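**Q** Dropping the sequence and predicted coords here.
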2 protein chains.
Amino acid sequence: MLPEKSLAWGRSRNCIREIAEYGAARKAAIGADKVFDYSLGNPSVPAPPQVEEAIRELLAGEDSTALHGYTPAPGLPSLREAVAEDLRARFGAPVSADGVYVCCGAAAGLVICCRGLLLPGEEALTFAPYFGEYRVFVEGAGCTLNVVPPAADLRPDLAALERSIGEKTKLLIVNTPNNPSGVVLSAEVLTRIGEILRAAERRFGHPIYLVSDEPYRELVYDGTLPPSVLRFYDDAILCYSFSKSLSLPGERIGYLAVSDRMAEKQDVFDALAGAARAVGYINAPSLMQRVVERCLALTSDLSIYRENRDLLYGSLRALGFDCVYPDGAFYLFMKSPEPDAKAFSERAKQFELLLVPSDDFGLGGYVRLAYCVSPDMIRRSLPAFRALAETYGL
Amino acid sequence: MLPEKSLAWGRSRNCIREIAEYGAARKAAIGADKVFDYSLGNPSVPAPPQVEEAIRELLAGEDSTALHGYTPAPGLPSLREAVAEDLRARFGAPVSADGVYVCCGAAAGLVICCRGLLLPGEEALTFAPYFGEYRVFVEGAGCTLNVVPPAADLRPDLAALERSIGEKTKLLIVNTPNNPSGVVLSAEVLTRIGEILRAAERRFGHPIYLVSDEPYRELVYDGTLPPSVLRFYDDAILCYSFSKSLSLPGERIGYLAVSDRMAEKQDVFDALAGAARAVGYINAPSLMQRVVERCLALTSDLSIYRENRDLLYGSLRALGFDCVYPDGAFYLFMKSPEPDAKAFSERAKQFELLLVPSDDFGLGGYVRLAYCVSPDMIRRSLPAFRALAETYGL
C-alpha cells in the first residue's frame, strides 16, 4: 500500500555509504591509521577562513529576524545578482539574476529540473559513468533515465549520444568535472554536444534541455576553469553547489541558472519555480545564502587535491593499474584487474583498501577512489596497493 | 511541453506575498509608520541568545570539515536521539530516535509524507481553514486534496470528517495550532479524530495516516503545551519546524517523527526516507542541526505574541468585528463584514490596513491578521480599524 519506488529507495543500501560504514567499524577495530579509506567524497580541507569570518560578521551586524528570516523563494535578490555577475565574469556565461534560483545544493537543482521540465513518460539521457542519484531523481519524476555508454577512454561517446536521442528525449544531464571519472568536458566536446542537441531539437520539433551538474567546477588541476556549457547551447541550465569549492557539503547551498539565451526562458523559470515550490524548496538556508554571497569566487585550499591526484595517479600507474586521467573533481577511476569490480573491491578490503565498485555509476569493471584524503594516507596505502597488484600478477 | 501544474504553481501569485509586496511599496511611499501590515507570518522577535551562542561555540570548537560536512541522510544520530527524548519528556509522545527524520522545516516533512505515503490517485483530507500549500504538496504527489468544511465556530466538524472519509482516503493532515485560525486541537477532539480514523481503517481495510503539522506548537497562550496527536492515534506522523519557536524560518530546519506505535513503522520510515531521497532531502543543513540540538526545548521570548493577541482580539471585538478566539499561533481570523473577503481586504487598504483574505485558506468570508508585529503598531492601527468598522455601520 506504500509507493514501491519510495520503499525501494529508502531500503536500498547505498554502496558508497555501506563501504564507508564498514570502514568506520574497521578503523574502530584495528586503528584509523591502518585503514585506507577511499570511499567518501567528503571534502578533507576546511572551508576558507572567510566563511567563518562572514558568519561572525553577520551575527554581529545583522538583525536576528532578518538574518534568519524568510528570503524570497528564489533567494536573496543581492545573491542572485552576484551569482549572475560571477558567472558572466568568470565563465562568460549568459546569465541574469532573474534566471538564478538559489537552492539546497546541486542535488536540489537537479530534482527541480527533472520535475519542472519532464512530463511523466518522457526520457532523460546521461553519459556513463554517472552519479547514481540521477536515476532516482529522474524516476522520481515518473520518467526514464537512459544511459549513453562511454567511449573506450571513458570519455563521452558522441556518436552514441546521437543514436540515443529519440522522440521522447527531453533532457540530457552532463556532469563536468565528472563523478566518478574526473573527466572534464572540453570546449570541443561541448561544441559537438550543442550541435547534436540542436539537430535533434529540429528533428523532433521540441526543446531538449541540457542540464549541467557542476559541483566540482573549481576542482580542476591542469590550467583554467572548465568551459561553461551555457556558452555552447541555448536550452541549457547549470546546477551548482558550494559543497566542494567551499567545503560546505552539509550546508546544502547552491543554485541553478537558466541561460539568458533560452527561447522559453521565462516559462522554464516559472516551471522550475513551481516544481521547487511543490517539493518545498521555498528558500535556501538564509544564513548560508548571505555567507556564500560574501565568498562567491573563493575556494578552500584545493592544492592538496592536486597533489593527491598526481601522487595517486602516478603511483597506481607505476604499479600496473589502468586509470582514467582525472582532469578534475577528487576521484580517480581505476579499471578492475578482473571483470567483476565488486570482487575486486572485496579483495582490496583484505589489504584494508576501501574502493567503491563502479556498478552504481552505471558501468561495470571499475572502482572509484575518492582522494579527498591526506597525502600521508595515500603514501601509507601504497604498499597495500602493491600487494593487491601482486595478487593479480600486475 | 512543460508540466502544466509546475507552470501554474510557478506563475500563481501567492496572495500573502502580493499583499506584503504592496505593503513594502506603500511603506516606501508614505512611511513605514503609516502602514499597518498584518500580512506576513515572519516572527518579529529575535532568536533566543542561545542560538547565536551555539553558532559561536560551534565555530570555535568544531573542526570545519565536520561542522559543515555531510551528516547521515536522516540527520545527526545525537540530534535524532535528543528530539525523541524531548518529544517523550515534554509531550508524552511515543517516539524513538529511529523514527525521527531531520528535514528542511515542516514543509519538507509534509512533502516527504505526501510522496512517501500516497499512491497516485489516492486522496488526502484536511480541515478548512488550512495552509494553502497543502494543496500544492498533495497535488504534487499526483493526488487529490479534499477539504472538510468547518463547524460554525470554525473548529473541526467531526461529523463532516466522518462523512468525508472514503475508500481512497489515505491521509488526514491537521494543523495545530492552526494557521490561519489559531485554533488548537484539544485532547477531546483528538480522541474523537482517533476513533473516527480507526473505524475508517477497519471499514476500508488499510491504514489512514494522520499527519500533524505543528510549527506553532510552542505558540500557545492559555496554559500548557497542546496535546500531541501521537498520544491519540497510532498511525500518526508529526511534522515540526523550529521556524516559529526559535524564530529561524529562513534556516529551514525541522523534523518529522513517526509514532513508535505504528504497526508498519519500519516500512513507513523507509518509504519516507526513500521519498526524501528522491526529492533531494538527504541531510538537513548541518550547522543548524547542531544549533537546534543545543536549543531543543528553548523558545524565543514569545510573551509579546500573547500581549498582541489579547490587545488585538479585545480591541477588534470591542469595535464590533467577529473574530475566532486564537488559542495559539500568531494569527487572528476575523469575519469579513461583507461576504466577499477580497472586497473587504481592498477596502481595508484605504485605511492602510493590510489583511489577507481567507480564500487561499480554503474558506471565503474571512481575513487573516498576522500579529507577529510590534504592540505599538497594533495600538496605532486601532483608529484605522475603527474607521473601517464605521464604513460597515458596526
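**A** Everything's here; your move. Numbering: from 1, shown residues only, chains lettered A, B, ... in the order given.

**Q** Where do the domain boundaries of chain A fall?
**A** A:4-47+A:300-391, A:50-294 (automatic domain parsing).

**Q** Is the first one in proximity to chain B?
**A** Yes - part of domain A:4-47+A:300-391 sits close enough to chain B to count as contact by C-beta under 8 Å from any C-beta of the partner chain, namely A:5-11, A:40, A:42-47. Heads up, the C-betas are built off the backbone N, CA and C, glycines and all.

**Q** Pull out the buried positions in stretch A:5-16.
**A** A:K5, A:S6, A:L7, A:W9, A:G10, A:N14, A:C15, A:I16 (16 or more other C-beta atoms under 10 Å in any protein chain shown).

**Q** Just name the most buried of the domains of chain A.
**A** Looking across the domains of chain A with neighbours counted as mean count of other C-beta atoms under 10 Å in any protein chain shown, the highest average goes to domain A:50-294: a mean of 21.

**Q** picking up where we left off before, reformat the buried residues of stretch A:5-16 into TSV and put secondary structure next to each item.
**A** Output for the buried residues of stretch A:5-16, formatted as TSV (DSSP: H, G, I helix; E, B strand; the rest coil):
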residue	secondary structure
A:K5	helix
A:S6	helix
A:L7	helix
A:W9	helix
A:G10	helix
A:N14	coil
A:C15	helix
A:I16	helix
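
**Q** Lowest-confidence one in those?
**A** Among the buried residues of stretch A:5-16, A:N14 carries the weakest pLDDT, at 76.

**Q** which residues touch A:A273?
**A** A:A73, A:P74, A:Y101, A:G116, B:W9, B:G10 (C-beta atoms under 8 Å, 6 or more residues apart in numbering or on different chains).

**Q** Let me fix that, I meant to ask about A:F330.
**A** Per C-beta under 8 Å, 6+ apart, neighbours of A:F330: A:G41, A:P43, A:G182, A:Y216, A:L219, A:K244, A:Y305, A:N308, A:R309, A:A370, A:Y371, A:C372.

**Q** So which residues of the stretch 1-150 of chain A form strands?
**A** A:36-37, A:100-103, A:123-127, A:144-148 (DSSP state E, counting those that start in this stretch).

**Q** Can you check which of those strands gets nearest to B:I173?
**A** Closest to B:I173 of those, according to C-beta to C-beta: strand A:100-103, at 25.0 Å.

**Q** Can you list the neighbours in contact with the closest one?
**A** By C-beta under 8 Å, 6+ apart, strand A:100-103 touches A:71, A:74-76, A:79-80, A:83-84, A:109, A:112, A:253-258, A:269, A:272-273, A:276, A:281, A:283-284, A:289.

**Q** Recalculate using a threshold of 6 Å.
**A** A:74-75, A:79-80, A:83-84, A:109, A:255-257, A:281, A:284, A:289 (C-beta atoms under 6 Å, 6 or more residues apart in numbering or on different chains).

**Q** before we move on, what about stretch A:345-356?
**A** Counting by C-beta under 6 Å, 6+ apart, A:16, A:19, A:23, A:34-39, A:357, A:367-369, A:384, A:387-388 sit against stretch A:345-356.

**Q** So which of these sit within helices?
**A** A:I16, A:I19, A:G23, A:A384, A:A387, A:L388 (DSSP state H).
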